[in-house]
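Novice: next one to model:
(one chain, ligands or ions: 2)
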Amino acid sequence: MMPRYCEVALPVPLRSTFTYAVPAAFDNEQLVGRRVVVPFRNRPMIGVALELSSHTPDTVRLKAPIKEIVELMDPVPALPPKLIELGQWISRYYLAPIGEAFRALLPPEIELRHDREYSLTEAGRRYLQELASSDEKTDVESAELDMLRRFGEGTVASSRVDHWPGGDAAAMKLVRLGYLVAREVLRRRKTRTQRIVAWNAANRAPIASAAEEKIREVLMSTRGPLPLGLLIEKTGKSRAVIERLVEGGRLISWEEPLTPGEDPWETDFVPPSNVLNAEQKQALAEIWRWLVAGEFAAGLLHGVTGSGKTEVYLGAIEAALSRGKTAIVLVPEIALTLWVGRLVRARFGAGVAVLHSGLPDIERAREWWRVRHGDAPIVVGTRSAVFAPLENLGLVIVDEEQESAYKQEETPRYNGRDTAVYRARLEGAVVLLGSATPSLETYHNARAGKYHLLELTSRVENRPLAEVRIVDLREEFRREHRAAPVSAALRAAIASRLKERTQAMVLINRRGYSWSLLCRSCGAFVQCENCSIALTYHKSRQRLECHYCGYFSRPPKQCPKCQGEYMYFVGEGAERVEEYLHEQFPIARIARFDRDIVRTKHEYQQVLGAYAKGEIDILVGTQMVAKGHDFQRVTLVGVVSADLALGRPDFRAAERTFQLLTQVAGRAGRGELSGEVLVETYYPEHYAIQLAAQQDYPSFYEKEAHFRRMLHYPPFVALASVLARDRKIENAIRWSRALGDYFMPFEKQGVKILGPAAAPLARLRREYRFQFVLKSPRRSSLGRALNGCFDFCVAKHIPDSAVIVDVDPTSLA
Ligand code: ADP
Ligand code: ZN
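Specialist: Ligands and ions are numbered 1, 2, ... in the order given. A predicted model of the protein is given here:
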């Protein structure tokens, strides 16, 4: 008997899949992994089919009749089997609702848009007649009559209603009064598409004609698939000839959404041709061995900054491709996809897809499907690219594996690096984690023999590491009797760079102009209305902003608490540092690089491109500038208030500080000119700062590991944080107490439970938050404690959305 039912994961925060009937029309279709449209709570929704069954579901238990799948979305299943397994693991391991876990794996929904339709109800019709026959009407009633009349008998789309007087809002009011019903509908969006033609590499038949040879040559020299029109133009062959070759299997073709033309960022680029040095060769030879073995292997490539890890990555990709496998390269920042994507494309041609959230949906969908169709065997991207729908995966590279950007801070709360390791295991692939400053977890695994350790101990061509000087801000203040946004020492160093016409980079890890606005009379900071956090002043926008919830307001002239009149801006952010440098160096070319300035791919390219070309003298930036970039003429890196992270009550504060300083120091002296780094701090003795200055990772690891072991933190225990939250503080307290009772018995099973206590961010987006921290030396014990947590919530009527479980949190602050 044919399977008649199907389990569908839907993007809703519920912890189950949903059963739908498969209509006979879809009997011969492959359903598993396919995107489907199904009715859910009276509206159509896109989900993914996970499993088939021929058992009649228990409709009594389900409390509802089974509905049918309405539509199959794509001609092929979006998710290959391994990705379905991966999605299930994400849901299990990170305790994410299954549909939300799968949402992270699916392509953006560009084909459909949600719309609303209105129609008159029976009550609406009666009311309409009543109004029409009454002589005395209020203005409101006349307006209502006017609107109701327009509905006639049929249904009207909200896009039309929008143009009527009162618009959608008036219609929604009539819905609330019961005179209209609103229904959500999905409409197919018309995307303009183009025919794309590619050489069919799988077809090994010899080339049979000059036309074929010509087409092959053009497709190879332009590195890959071309729109049909362009191919006709470049080859001078007719459409009919090309169509015939498509039919014969010599070429393949598909429809793709239209995208803008060539990107000058890519076309003008000449990649460096480096000859690998001995260390690079040795590392690569080792990776080759793992790939040849064709089994899961995990390696840490620990190489100091500027040691040429990227060349090793490129070699590893080449090795994977030569074994007929595919590869993923993950980088932590969108900005890095630009460099790395370009390098990889220069080396491997058009079979490289780039995936990140800075792309418009339509472009991302195009890249995604290109990968799915097997047209791009290499994917470069940020966190979510770990889910790239490649088959036959041979290699996953995670560059700067320690970065917290790999952790998604919303459901599903996965870590891209750990997911990469799991995916490689699932697919029998090699995973290569690269870093100059590995996370404690990864280095610990390497030392314990779980990961192979590959080391690059020196910079390429034996260039020296930049020299790091610590600027003691306490001393500076004693001398100068005032605190300038940039120390005298750093100012002098910048001046000398300007004179010798090399470049400087200034890292200030805070956005905005001032961190906060303080009342001198009562000592209160101006706080966000929704969060327990001081607002940041942004001068260019003339407002105070919350970096957590987006709230903003005009800076008050008086203290909102005590009406005091002496309001005082405290602490310098990137905007202020940039302004100050303009004042100090009026003729220098200065630019800023942070999330306030650059958001789109184009803006990234502009600033980074200009800096790389030497059109900018000083680049001021947040941590976005610290990672991975390879600028050749930077001879000075200044770090303003290096110790910001150290003030945070977080077990990773020292690690973060060490990593950031080592990384940013690594940006200096990468070319032929040697570099210098100035680190400003109030805690010059702190080991994180001292050891970063010496760029001594092994000593830092020893010291930090010692603390972690003593205080029971990762990598020596498995850690999870559980938060109960609600707008009403009573609820948040009640639920966290209940959860406390639930967790208590697990203490006896080796799980240490801290809390409930007010979370470090005690209020966020109007919600009060109470936190538990769970620790256990055994992950399985921790898992047991967490697994029953949501069943407990159901039993106690605690809403699912009120509890956030974060497995392997990157921070507790
Ligand atoms: P890392 O990521 O380890 O900090 P990169 O991979 O960015 O370092 O390489 C640093 C620089 O060294 C790049 O400009 C790269 O082109 C160059 N490079 C890499 N390998 C070699 C080599 N074998 N010889 C000369 N230059 C190299
Ligand atoms: Zn806020």
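Novice: how close does whatever residue of the stretch 551-700 of the chain ends up closest to ligand 1 sit to Ser384?
Specialist: Residue of the stretch 551-700 of the chain nearest ligand 1, by Cβ to the nearest ligand atom: Asp630 (4.2 Å). Every C-beta, even on glycine, is put in place using the N, C-alpha and C of the backbone. For Asp630, the distance to Ser384 (Cβ to Cβ, to the nearest Å) stands at 24 Å.
Novice: do the same with His712
Specialist: Using Cβ to Cβ, one gets 32 Å for the distance from His712 to Ser384.
Novice: likewise for Leu291?
Specialist: Distance from Leu291 to Ser384, by Cβ to Cβ: 25 Å.
Novice: all helices for the stretch 701-813 of the chain, in order.
Specialist: 729-743, 779-787, 789-795 (DSSP state H, counting those that start in this stretch).
Novice: which residues are in contact with the last one?
Specialist: Spelled out, that is helix 789-795. Around helix 789-795, the neighbours that count as contacts under Cβ atoms under 8 Å, 6 or more residues apart in numbering are 15, 95, 722, 738-739, 742-743, 798-800, 802-803, 805.
Novice: try the first one
Specialist: Residues lying outside helix 729-743 but in contact with it, judged by Cβ under 8 Å, 6+ apart, are 722, 724-726, 751, 753, 755-756, 767-770, 772, 774, 785, 788-789, 792-793, 796, 798, 802-803.
Novice: just the buried members of these?
Specialist: 722, 724-726, 751, 753, 755-756, 767-770, 772, 774, 785, 789, 793, 798, 802-803 (16 or more other Cβ atoms under 10 Å).
Novice: restrict the residues you listed to contacts with ligand 1.
Specialist: Applying Cβ under 6 Å from any ligand atom, the subset of the buried ones among the contacts of helix 729-743 adjacent to ligand 1 is empty.
Novice: show me the beta-bridge partners of the closest residue to Val32 other than its chain neighbours.
Specialist: With sequence-adjacent residues excluded and distances taken as Cβ to Cβ, 6 or more residues apart in numbering, Val32 is closest to Ala49, at 5.8 Å. Ala49 forms beta bridges with Val8, as assigned by DSSP bridges.
Novice: ok, Ala49 touching Glu29?
Specialist: No. Using Cβ atoms under 8 Å as the test, Ala49 is too far from Glu29 to be in contact (9.8 Å).
Novice: the two: which is more packed in?
Specialist: Shown here are Ala49 and Glu29; by other Cβ atoms under 10 Å, Ala49 has more neighbours (28 against 14).
Novice: distance of that one from Ser674?
Specialist: Distance of Ala49 to Ser674, given as Cβ to Cβ: 59 Å.
Novice: can you name the helix or strand that the closest residue in space to Asp630 that isn't next to it in sequence falls in?
Specialist: Of all residues not flanking Asp630 in the chain, Arg670 sits nearest, at 5.8 Å (Cβ to Cβ, 6+ apart). Here Arg670 sits in a region with no helix or strand, counting by DSSP states H and E.
Novice: contacts only, for Arg670.
Specialist: When contacts are counted by Cβ under 8 Å, 6+ apart, Arg670 touches Thr305, Gly306, Arg459, Arg463, Asp630, Phe631, Gln632, Val634.
Novice: alright, calling it a day.
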